[in-house]
Structure formats: C-alpha cells, structure tokens
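>>> The following block contains a protein sequence and its predicted model.
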Amino acid sequence: MEKVSEELIFCILNYLDLKSTLVVAEINKKYWELVHSPVLWNLKNHRKLGKFSLKTGAYYSYNPNEFSSLLFTEEQYDASYDNYKALCYSISHPRSLVQSSIESSYNQALNGMLKYEDDLFWNSKMRQDPEQSDFVTIELIGFSIIFSVHFKVYRATSQGGHLFPPKFIRVHIGNSSNSYHYSSDMFKVPMTEKYCTLLILPQIVTGCFVKIEFIGSITSMPGSTMHITAIEFLDIVGSNIDDIPLNNFEQAILDKNLQVVVDILERSKHKSTPFAVSLMEKMGILQEVLGRIKRSYNEVESYTYLREHIFEHTDFDKLRPSEALGDLCFENGAFNNAFQIYLKNMDIWKLTKTAIVLKHTAAIKSILTRREPRFPRYSDLINIAKTLGPEFEHFIIHEIGQV
C-alpha cells in the first residue's frame with residue numbers, strides 16, 4: 001500500500017461513507033492524515049449528487065447519506081442536540097405538502113386531482129397539436145423541503161379504458177408562483193396507470209410553489225383527432241419547516257429563509273446537516289466534527305405516505321381496483337379475480353384474454369357480438385389463444401367458432 005499514490009487513495013476514500021472513512025483513519029498515521037485532509041472533504045462536498053429520476057411505483061427508500069455523507073443523528077455534549085435531532089426526525093418522516101392548486105393551463109376541475117378517494121381528475125384542453133404543453137401550479141403548505149412528486153394518469157373507463165398520459169413531465173420549484181429557482185430534467189412518462197414517482201432526492205430543494213409541466217400528449221379522444229392529457233391524482237411529498245418541533249429556535253425566521261438554518265447551525269461550530277454541507281469545507285469545523293461527535297446514521301425506511309393516505313383517509317370500498325392489480329392476479333393464477341378487475345376497468349383485451357383462459361364461453365360470445373372498433377374480432381381471439389397455447393386455440397375454434 002506504500003506504493004499507492006495519494007490521488008488513488010483519495011479516490012477510494014471519496015466513495016466511502018462517513019463511518020467507513022473514520023474506520024480507515026484508525027489504520028495508521030498516514031491514513032489518519034489523509035482522512036483529515038481538506039482535499040478529501042472538498043472532494044466529498046463537491047461530489048456530484050444524484051439527479052432527478054422518474055420511476056414507476058409509489059414507494060421509494062433513501063438514505064440521507066446519499067445527499068450528505070456528513071449527516072449524523074447522535075451527538076454528545078451539545079446544548080443544541082434536541083433541535084438538531086428534531087430536524088433529522090422531520091426529514092425522516094415525509095408528508096404531503098399540497099395545500100391547493102392555484103393555476104393551470106386549463107382550469108377545469110383544477111383541484112380534481114388532489115384527492116385520491118373521489119372520482120374527479122384534471123384534464124388539459126383538447127387540441128389538435130399533440131406537442132402542446134400544459135402545466136399545473138401547486139401551492140405548498142409553507143416553506144418546505146421537497147422530496148418527490150407523485151402522479152397517476154387517468155383511465156377513462158367510459159371511453160374504452162384509454163389512458164391519457166403526457167409524453168414528458170418536468171418539475172419547477174420556487175418561492176413564488178412567478179419565479180422558479182430549480183427545474184428538473186424532462187422525463188418520458190410511461191403508458192401505465194400505476195403511480196409514477198419523480199424523485200428529487202438526494203438533491204436538497206426547497207420552496208413554496210411547485211409547477212408541474214406536462215409536455216405533449218399521446219392519446220387522442222376515441223373517434224377524434226383531438227389530443228388530451230388527464231391526471232387522476234397528484235401529490236407532492238417532503239418536510240415542512242413548520243412541522244419541526246424546535247426548542248429555542250427562531251421558528252418564525254426559519255419559515256422565511258433557509259439561510260438562517262445555516263447561520264444557526266454554524267454558531268455551534270461542530271455540526272453539519274443537509275442544509276449546511278458547505279460548512280464542512282472549513283477545516284476548523286471539520287476537526288471538531290471528526291474529533292468530538294459520535295455518529296450514527298439516520299436511514300429512512302421505505303416511504304409509506306401514499307399507502308397510509310389511501311387506507312387511513314379513504315373508504316376502501318370506494319376505490320376502484322387498478323389494472324395493475326388485475327395483472328398481478330393474472331400472473332399469479334387468480335384468473336377469476338383478474339376477470340372481475342378487468343371487467344370493472346373495462347380493459348377489453350385483457351378481459352378477453354382472461355375469459356379465454358377461464359374458457360368463459362358466454363363472456364367470449366358476448367364480446368364477439370359487439371361491433372365497436374375497440375372490441376376484438378374472431379381473428380383477434382385466435383391470435384390471443386395462440387399465445388396461450390394449443391389447448392386454448394382448440395377451444396376457440398371448436399367451442400366458440402364464428403358468431
């Protein structure tokens with residue numbers, strides 16, 4: 001190891017978390033000096049954080065260590081420990097930040113997408129141009145740290161079960177509805193009614209307003225060339241400064257200016273939070289942190305807000321089982337359950353496939369009698385049956401036949 005260059009060792013240390021870095025410092029004097037070098041901590045503090053990401057599903061887990069390798073939650077002999085602990089606790093328990101939607105490119109049913117339990121939704125204005133963009137501006141409950149944006153595309157069960165997603169989505173965050181200091185990348189939206197999560201972490205982004213930009217549209221109205229975007233549910237999750245039960249802190253000032261958090265933390269000269277990573281660039285503070293602080297990690301478990309929102313704040317009987325639940329039932333052999341879910345969602349093609357698996361003769365013949373374009377024809381049934389196997393192809397040919 002004596003022949004290994006310091007540059008290479010710095011590169012290795014740069015990728016270690018804080019606990020592992022401190023373990024390395026105990027190996028020998030050379031490593032102790034390298035770990036305490038400002039060169040290493042400048043590397044860590046300026047390391048490029050993860051970007052915004054868009055994923056399918058309402059759940060995510062994260063570790064604050066991802067956005068600050070210097071976050072700790074246990075500290076000895078510090079009069080401000082209770083206040084710091086409150087900050088850590090707050091960012092470990094995300095909640096809905098939405099107060100209301102205040103503006104959109106088309107104000108029909110503007111608040112229709114903010115409650116999961118109702119049958120309302122928000123839609124854009126119908127237009128010929130599928131590349132046209134729309135937006136919705138959301139006012140938050142106060143000055144907040146924004147973790148993620150969630151949305152669910154609307155399925156029009158009364159219009160053939162079509163989904164109406166945008167082509168792309170982009171999020172802007174600011175302290176007023178007219179000024180935005182942060183913008184995400186532009187993400188392609190999948191054709192699904194599952195929850196979609198735009199994860200802002202591990203970046204620390206704060207604000208009072210969020211503007212969601214829906215770029216383009218995919219689906220045209222049945223029997224028309226007019227395009228539309230429709231969103232059934234939208235939520236913004238994070239931590240509001242007002243929720244933090246601070247003791248002897250300038251609460252009113254915190255609401256107005258995040259910089260005050262940095263200033264207050266700097267007074268103690270030996271703590272770092274996601275709000276004040278830049279403080280660690282100062283060598284004096286670094287020495288105190290490494291020398292006097294006992295650390296443990298504040299790992300946040302799987303995010304559960306949406307699940308709690310659905311099951312605690314709504315009447316479960318009013319919820320419509322989703323296509324995704326039908327797919328899960330089908331994949332696990334619960335074909336009768338899948339059939340009922342697809343029927344309720346009017347997902348005709350998946351309903352037909354399930355009916356063939358169940359050899360539900362009456363349902364299949366009923367589908368064949370329908371002359372609407374969205375219903376499969378006899379040739380389509382043959383093709384579906386072929387994908388399921390010879391047994392089902394034989395069933396369609398000999399038991400169903402042409403209707």
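Perfect, thanks for sending it.

>>> mind listing what Leu16 touches?
Taking C-beta atoms under 8 Å, 6 or more residues apart in numbering as the criterion, Leu16 is in contact with Val24. Backbone N, C-alpha and C define where each C-beta goes, glycine included.

>>> now it, what's its secondary structure?
Secondary structure, DSSP: H, G, I helix; E, B strand; the rest coil: Leu16 is coil.

>>> just the strands in the stretch 101-250 of the chain please.
For the stretch 101-250 of the chain, applying DSSP state E, counting those that start in this stretch gives strands covering 122-123, 133-153, 155-156, 162-163, 166-174, 182-183, 187-188, 196-199, 205-217, 230-240.

>>> Could I get the ones you listed in TSV, plus columns for mean neighbour count?
Output for those, formatted as TSV (neighbours: other C-beta atoms under 10 Å):
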stretch	mean neighbour count
strand 122-123	23
strand 133-153	21
strand 155-156	21
strand 162-163	18
strand 166-174	20
strand 182-183	15
strand 187-188	15
strand 196-199	22
strand 205-217	21
strand 230-240	23
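
>>> so can I have TSV of the ones you listed showing distance to Lys353?
Converted to TSV, these look like this (distance: least, C-beta to C-beta, whole Å):
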stretch	distance to Lys353
strand 122-123	29
strand 133-153	22
strand 155-156	18
strand 162-163	18
strand 166-174	28
strand 182-183	42
strand 187-188	27
strand 196-199	25
strand 205-217	28
strand 230-240	25
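
>>> Ok, which of the ones you listed comes nearest Ile12?
Shortest separation from Ile12 across the strands of the stretch 101-250 of the chain is recorded for strand 196-199, at 27.8 Å, computed as C-beta to C-beta.

>>> Of the strands of the stretch 101-250 of the chain, which is nearest Ile400?
Nearest to Ile400, of all those, is strand 162-163, at 26.8 Å by C-beta to C-beta.

>>> List the neighbours of the closest one that are in contact with it.
With C-beta under 8 Å, 6+ apart, strand 162-163 has contacts from 153-156, 191-193, 219, 222.

>>> gap between Arg203 and Ile146?
Just to correct that, residue 203 is Gln rather than Arg. Separation of Gln203 from Ile146 (C-beta to C-beta, to the nearest Å) stands at 10 Å.

>>> Report the contact partners of Thr361.
Neighbour list for Thr361: 399-400 [criterion: C-beta under 8 Å, 6+ apart].

>>> how much space between it and Ile396?
For Thr361, the distance to Ile396 equals 10 Å [C-beta to C-beta].

>>> so where's the stretch 101-250 of the chain uncertain?
101-119, 157-161, 202, 204, 223, 243-250 (pLDDT under 70).

>>> what pairs with Ser239 across the strands?
Bridge pairing for Ser239 (DSSP bridges) gives the partners Ile145.

>>> you'd agree it is up against Phe143?
No. Between Ser239 and Phe143 there is no contact under C-beta atoms under 8 Å: 10.4 Å.

>>> any idea how the protein splits into domains?
For the chain, automatic domain parsing gives the domain ranges 1-47, 48-316, 320-400.

>>> List the residues that contact Thr229.
Counted by C-beta under 8 Å, 6+ apart, Thr229 has contacts 123-124, 134, 164-166, 214, 217.

>>> Adding distance to Leu54 as columns, could you present these in CSV?
CSV is the format used below for these (distance: C-beta to C-beta, whole Å):
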residue, distance to Leu54
Asn123, 21
Ser124, 19
Asp134, 17
Phe164, 18
Pro165, 12
Pro166, 12
Phe214, 13
Ser217, 17
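
>>> From the residues you listed, pick the one nearest Lys386.
Closest to Lys386 out of those is Pro165 (30.1 Å), distances taken as C-beta to C-beta.

>>> The nearest residue to the closest one once chain neighbours are set aside pairs with what?
Of all residues beyond its chain neighbours, the one nearest Pro165 is Val153 (4.3 Å), with distances taken as C-beta to C-beta, 6 or more residues apart in numbering. Beta-bridge pairing for Val153 (DSSP bridges): Ile231.

>>> so Val153 makes contact with Ile169?
No. In this structure, Val153 is not within contact of Ile169 by C-beta under 8 Å, at 10.4 Å.

>>> Touching both of the two, which residues are there?
189, 196.

>>> check contacts around the closest residue to Phe147 other than its chain neighbours.
Spatially, and ignoring its direct neighbours in sequence, Phe147 is nearest to Gly238 (4.1 Å; C-beta to C-beta, 6+ apart). By C-beta under 8 Å, 6+ apart, the contact set of Gly238 is 94-95, 97, 144-148.

>>> Tell me the one among those nearest to Gly174.
Nearest to Gly174 out of the contacts of Gly238 is Ile146 (C-beta to C-beta; 10.7 Å).

>>> Once you drop chain neighbours, what's closest to that closest one?
Counting by C-beta to C-beta, 6+ apart, the residue nearest Ile146 is Gly238, at 4.4 Å.

>>> what's the helix or strand for Glu7?
Assigned by DSSP states H and E, Glu7 belongs to helix 6-14.

>>> send the alpha carbons of the helix or strand that that helix is followed by over as CSV?
Moving toward the C-terminus from helix 6-14, the first helix or strand encountered (DSSP H and E) is helix 18-25. Extracted in CSV, the C-alpha atoms of helix 18-25 (Å, rounded to 0.1, in the frame of the first residue of the first chain):
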residue,chain,number,x,y,z
LEU,A,18,-18.6,8.6,6.8
LYS,A,19,-18.4,5.6,9.1
SER,A,20,-16.1,3.6,6.8
THR,A,21,-13.9,6.7,6.3
LEU,A,22,-13.4,7.0,10.0
VAL,A,23,-12.5,3.3,10.3
VAL,A,24,-9.8,3.8,7.7
ALA,A,25,-8.5,6.8,9.7
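
>>> counting contacts, what elements does helix 18-25 pack onto?
helix 29-35 (3 or more C-beta pairs under 8 Å, 6 or more residues apart in numbering; DSSP states H and E).

>>> Identify the residues contacting the helix it packs on?
6, 9-10, 13, 21-22, 24-26, 40, 290.

>>> Drop anything exposed from these.
Buried residues within those, defined by neighbour count using 16 or more other C-beta atoms under 10 Å: 9-10, 13, 21, 24-25, 40, 290.

>>> Tell me which of these has the lowest pLDDT.
Lowest in pLDDT among the buried ones among the contacts of helix 29-35 is Leu290, which has 41.
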